[in-house]
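Asker: what shape does this take:
(chains A, B, C and D)
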Protein chains: 2
Amino acid sequence: MSRPPRERADAVAAVAEIFREFGFEGASLSAITARTGLGKGSLYHFFPGGKEEMAAAVLAEIDGWFTRTVFAPLRDDPDPEAAIARMLRETDAYFRSGRRICLVGAFALDGTRDRFAARIGGYFTAWRRALADAVARSGRGEAMERAEHAVLAIQGALVLARSLDDPGVFARMLARIERDLLSPETHDRPN
Amino acid sequence: MSRPPRERADAVAAVAEIFREFGFEGASLSAITARTGLGKGSLYHFFPGGKEEMAAAVLAEIDGWFTRTVFAPLRDDPDPEAAIARMLRETDAYFRSGRRICLVGAFALDGTRDRFAARIGGYFTAWRRALADAVARSGRGEAMERAEHAVLAIQGALVLARSLDDPGVFARMLARIERDLLSPETHDRPN
DNA sequence: GTCTATACAGCGATAGAC
DNA sequence: GTCTATCGCTGTATAGAC
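Answerer: Coordinates of the predicted model:
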């Protein structure tokens, strides 16, 4: 990633990290050329549409990875609890246990949101739906509510972990949503 | 806010909305002059340090508002459950039931994070600590864990509500954390 | 395919008249 | 205090040699 990428896929991965670090507006072309080792000529050869096409390619790559690794098992694995465990494990690895932010979430809060609204919405819709499906298939109630809360907690933990510079936030959140997702109780209702 | 502000405080409020919409990098001085109705001369009269000082002023204003309205009652109100109810109510109002993002969280994910790291960290530290204090004073266990999860869920719900363009996410999250915060049980542990 | 050179628009910031 | 004019710089993007 720090050495010149020979293929477009390598360039996409390198550019993703730059967007993560600086945001869409903050990621200047000079930063991108410096960090990828690619000249502007090569960059515009891979991405004729410029920065916007780079960001679109990054989002598509992220979406594809999550679809293959997380969403599809959640929907299709005959053992839904194993798929949920896998989601937790892969999510922890992907976000480096809270040390890496979610670019989709970052773009959602950014001014660039409108540009990529469809992709951003699609990503979270797919995640929530796939997780709700697994929870429901495991025989538990309130599947949609639990799934939505788990997805939102992951995003919030990434914000908080970065704000406090404390990855422990992410680990504690993962333990909690695992419990909430797999809890047999509908709820305890204090009133 | 759309008409020329006569005081610095009005300018801060107007600038805050522009940062919310475009992010720090995306909020250009020309956008700021256009939307505030203030010329560059006036802007630099109020904020000699330019954009960075504007953002610092906005963050200080947000921090002050939350300290007065939310954090202080959480710590000092003799009725901690009332303070928690107030937090939920004020938070719902402040974030317009999920239609408005948290600028502190947005800056945390942004490339501007390092510039304002102390303020961002201070804000969330204060919130988590004040809420944990109220939960503990109400006689419930696992105060820090519950408080951290509530703060993180608020941030995540704002990300998700904006991503899905569905404020309902925020309302559902508020109902859930109210339950979790006030639940008498330590937990139900399925294993 | 990759480079260097360059176009030109917009950036944040400043100066100075009023 | 507020305006307009302008600075120097960096932004994205393109052209054209190799």
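
Asker: would you quantify the distance from whichever residue of chain A sits closest to chain B to B:M173?
Answerer: Nearest residue of chain A to chain B (Cβ to the nearest Cβ) works out as A:G156 at 2.7 Å. For every residue, glycine as well, the C-beta is placed using N, CA and C. According to Cβ to Cβ, to the nearest Å, A:G156 and B:M173 sit 9 Å apart.

Asker: list residues touching both of those two?
Answerer: B:A153, B:I154, B:G156, B:A157 (Cβ atoms under 8 Å, 6 or more residues apart in numbering or on different chains).

Asker: please list the residues of chain A that sit near DNA strand C.
Answerer: A:P4, A:R6, A:G37, A:L38, A:G39, A:K40, A:G41, A:S42, A:H45, A:F46 (Cβ under 7 Å from any atom of the strand).

Asker: how about the last one, nearest residue that isn't a chain neighbour?
Answerer: What it means is A:F46. Of all residues beyond its chain neighbours, the one nearest A:F46 is A:R8 (4.8 Å), with distances taken as Cβ to Cβ, 6 or more residues apart in numbering or on different chains.

Asker: how many neighbours does the one you found have?
Answerer: A:R8: 13 surrounding residues under other Cβ atoms under 10 Å in any protein chain shown.

Asker: can you read off the pLDDT for it?
Answerer: Looking at A:R8, its pLDDT reads 91.

Asker: swap in A:S2?
Answerer: 47.

Asker: helix or strand: which one has whichever residue of chain A sits closest to DNA strand C?
Answerer: Proximity of chain A to DNA strand C (Cβ to the nearest atom of the strand) peaks at A:G41, 1.7 Å away. Secondary structure assignment for A:G41, by DSSP states H and E: helix A:40-46.

Asker: for the very next helix or strand once past that helix, list every residue counted as buried.
Answerer: Of the helices and strands lying after helix A:40-46 in sequence (DSSP H and E), the nearest is helix A:50-66. For helix A:50-66, the neighbour count (16 or more other Cβ atoms under 10 Å in any protein chain shown) marks A:K51, A:M54, A:A55, A:A57, A:V58, A:L59, A:E61, A:I62, A:D63, A:F66 as buried.

Asker: on that earlier part again, tell me the contacts of the closest residue to the residue of chain A closest to chain B other than its chain neighbours?
Answerer: Spatial nearest neighbour of A:G156, chain neighbours left out: B:G156 (2.7 Å); criterion: Cβ to Cβ, 6+ apart. B:G156 makes contact with A:V151, A:L152, A:A153, A:I154, A:Q155, A:G156, A:A157, A:V159, B:M173 under the criterion Cβ under 8 Å, 6+ apart.

Asker: look up phi and psi at B:G156.
Answerer: phi -60, psi -40 (degrees, to the nearest 10).

Asker: show the pLDDT at it.
Answerer: pLDDT, read off for B:G156, is 99.

Asker: separation between it and A:S28?
Answerer: For B:G156, the distance to A:S28 - Cβ to Cβ - is 30 Å.

Asker: with adjacent residues omitted, what lies nearest to the closest residue to DNA strand D within chain A?
Answerer: Across chain A, no residue is closer to DNA strand D than A:G50, which sits at 2.3 Å (Cβ to the nearest atom of the strand). Excluding the flanking residues, the one nearest A:G50 by Cβ to Cβ, 6+ apart is A:Y44, at 6.9 Å.

Asker: tell me how many other residues crowd that neighbour.
Answerer: Neighbours of A:Y44 (other Cβ under 10 Å): 14.

Asker: same check, this time on A:R68
Answerer: Neighbours around A:R68, by other Cβ under 10 Å: 10.

Asker: in contact with the residue nearest to the spatial centre of chain A, which residues?
Answerer: Computing the C-alpha centroid of chain A and ranking residues by Cα atoms, centre = their mean puts A:C102 first, at 4.7 Å. A:C102 is in contact with A:F95, A:I154, A:Q155, A:L158, counting by Cβ under 8 Å, 6+ apart.

Asker: switch the cut-off to 6 Å
Answerer: Contact analysis of A:C102 by Cβ atoms under 6 Å, 6 or more residues apart in numbering or on different chains lists A:L158.

Asker: for it, grab phi and psi.
Answerer: Torsion angles, degrees, to the nearest 10, at A:C102: phi -90, psi 120.

Asker: before we move on, what SS does the closest residue to A:T112 other than its chain neighbours have?
Answerer: Nearest residue to A:T112, sequence neighbours excluded (Cβ to Cβ, 6+ apart): A:F24, at 4.2 Å. Recorded secondary structure, A:F24: helix (DSSP: H, G, I helix; E, B strand; the rest coil).

Asker: quick check: pLDDT value at A:F24.
Answerer: pLDDT, A:F24: 97.

Asker: swap in A:A60?
Answerer: 98.

Asker: one more: A:F47?
Answerer: For A:F47, pLDDT reads 97.

Asker: any idea how far A:V104 is from the nearest residue to it once chain neighbours are set aside?
Answerer: Spatial nearest neighbour of A:F47, chain neighbours left out: A:E53 (4.3 Å); criterion: Cβ to Cβ, 6+ apart. A:E53 sits 17 Å away from A:V104, going by Cβ to Cβ.

Asker: any idea how far A:I18 is from B:G121?
Answerer: 24 Å.

Asker: could you do A:L181 as well?
Answerer: Distance from A:L181 to B:G121, by Cβ to Cβ: 30 Å.

Asker: okay, these two: which has more neighbours?
Answerer: A:L181 (22 against 18).
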